[in-house]
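**Q** Coordinates for the following, if possible.
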Amino acid sequence: MPDRGNAHLVLLCGPAGAGKSTHARRYGAAGYAVASVDELAWAAGHPAVHPLPDDAARRVADALRSRVEELLARGRDVVVDSSFWSRASRDDYRALGGAHGADVLVVYVDTPRDVALARVAARAAAHPHDVVLTPEVAAAFHDGFEVPTPDEGPLQVVPGA
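**A** Numbering: from 1, shown residues only. All right, here's what the predicted structure looks like:
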């Protein structure tokens, strides 16, 4: 976990099934506010079956960003549980954290492809973090994920939980 000082913004990233939500719970237990895309989608009435339609995905993404901005404006340490599948999405949230004076850390949850896909295949949509994807969509999400690199900024790589 990052050192104390300025507010911290931790971006958990990795493909579906990597173990991001497990890591988010650990940050939450350490006092971080948890902003979860899956929980916001669930609360908005979207079942844990994805991908969401474009308009719903946009509304959930906007709600996530608003939640993170609200928490940072209050000086809270925040961990964001989302895939951050592209460098552009990570850069966007890095800029958001910087605008609020937060120290930003990307935490990549590195999980073998077969393990992540098996986890997704076992899901049953029982709760917000139990998002169901078809095998084809899960594989495409995993294969299209842009793995973060140190040249993007502060990065920590952790094994999938």
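
**Q** lowest-pLDDT helix or strand in this protein?
**A** Within the chain, confidence by mean pLDDT, DSSP states H and E is lowest for helix 135-144 among all helices and strands, at a mean of 75.

**Q** Can you list the buried residues in that one?
**A** By 16 or more other CB atoms under 10 Å, the buried positions in helix 135-144 come out as 138-139, 141-142. (Glycine included, C-beta is placed from N, CA and C.)

**Q** Could you look up the next helix or strand downstream of it?
**A** strand 155-159 (DSSP states H and E).

**Q** hmm, back to that, just put the buried residues of helix 135-144 in JSON lines and tack on distance to F84.
**A** Listed next are the buried residues of helix 135-144 as JSON lines, based on distance: CB to CB, whole Å:
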{"residue": "A138", "distance to F84": "17"}
{"residue": "A139", "distance to F84": "19"}
{"residue": "F141", "distance to F84": "12"}
{"residue": "H142", "distance to F84": "14"}
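
**Q** low-scoring pLDDT stretches of this structure, where are they?
**A** 1-5, 42, 45-52, 123-135, 137, 161 (pLDDT under 70).

**Q** How about residues contacting the lengthiest helix in it?
**A** Across the chain, the longest stretch assigned as helix under DSSP state H is helix 54-73. Contact with helix 54-73 is made by 7, 9, 33, 35, 37, 40-41, 44, 46, 51-52, 78, 80, 82, 93, 96-97, 100, 102, as judged by CB atoms under 8 Å, 6 or more residues apart in numbering.

**Q** Quick one: buried ones out of those?
**A** 7, 9, 33, 35, 37, 40-41, 46, 52, 78, 80, 82, 93, 96-97, 100, 102.

**Q** So which of the residues you listed sit within helices?
**A** 37, 40-41, 93, 96-97.

**Q** Return the member of those nearest to V147.
**A** Using CB to CB, Y93 comes nearest to V147 of those, at 16.5 Å.

**Q** biggest strand in the chain by residues?
**A** Longest strand in the chain, counting residues (DSSP state E): strand 103-110.

**Q** CA atoms only for that one, dumped as CSV, please.
**A** The C-alpha coordinates for strand 103-110 follow below in CSV (Å, rounded to 0.1, in the frame of the first residue of the first chain):
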residue,chain,number,x,y,z
ASP,A,103,-0.7,10.4,-5.3
VAL,A,104,-1.8,7.9,-8.0
LEU,A,105,-0.7,4.3,-8.1
VAL,A,106,-1.7,1.7,-10.7
VAL,A,107,-1.9,-1.8,-9.2
TYR,A,108,-1.9,-4.4,-11.9
VAL,A,109,-3.4,-7.7,-10.7
ASP,A,110,-1.4,-10.2,-12.7
